[in-house]
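S.K.: The sequence and its predicted three-dimensional model are supplied below.
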Amino acid sequence: MSEIDALTQPQGLRKLSVADCNAFWARYAELRPSLKLQRGNHWSRWRAVAGTDIFIALYVTNRSVGLFVRGERGLSLKGAVRLLSLHEPRLSRALKVPVLSDGCPYLSRLPNVTVDRDTWPAAQEWLLEREGFYHGKLARIVGGIEDAVGG
């Protein structure tokens, strides 16, 4: 690679700080005040799925926001896949994602440069929509709750 090529290549993104993550999740919580999320770690929050022992794990990184399905704390992601295998292929068809992607069950993500706070509103709106969609489908299919609402 020439010096000019090196100068024109995109620079790596900085990491999200703990303060960034806290601000992202605080704003997200303001958008959905009636629903409580559990803290996963700095980068993630978990939403319990009605009628089940599973959770929707919402996450933010410096390059994307997204969500996937997991079991209770302590259950591996492979364990969550085994637990949910009883609902295949119906579940993956309903969620419109593969069972496993990048090691995460039912992963859905939106590429986004979240180190730029101006991108947060669109990313959080996408996450809100996907969270509600996932919750509705999971509560119906896994929890057997026919009148489940997403948001």
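M.R.: Yep, it's here. All figures in this text were calculated on a predicted structure; none of them were measured in a lab.
S.K.: Give me the below-cutoff pLDDT ranges for the chain.
M.R.: Residue ranges of the chain with pLDDT under 70: 1-11, 147-151.
S.K.: tell me, what residue is most central in it?
M.R.: Note on the chain: the residue nearest the mean C-alpha position is Leu67, at 1.5 Å, using C-alpha atoms, centre = their mean.
S.K.: Can you give me the buried ones in whichever strand or helix holds that one?
M.R.: Here Leu67 is covered by strand 64-70, with elements defined by DSSP states H and E. When burial is assessed from 16 or more other C-beta atoms under 10 Å, strand 64-70 yields the following buried residues: Val65, Gly66, Leu67, Phe68, Val69, Arg70. Where you see a C-beta, it was placed from the backbone N, CA and C, and this is true even at glycine.
S.K.: Which parts of this protein are strands?
M.R.: 38-41, 44-48, 55-60, 64-70, 100-101, 104-105, 108-111 (DSSP state E).
S.K.: The last one: how far from the chain's middle?
M.R.: Put plainly, it is strand 108-111. In terms of C-alpha atoms, centre = their mean, to the nearest Å, the gap separating the centre of strand 108-111 from the centre of its chain is 8 Å.
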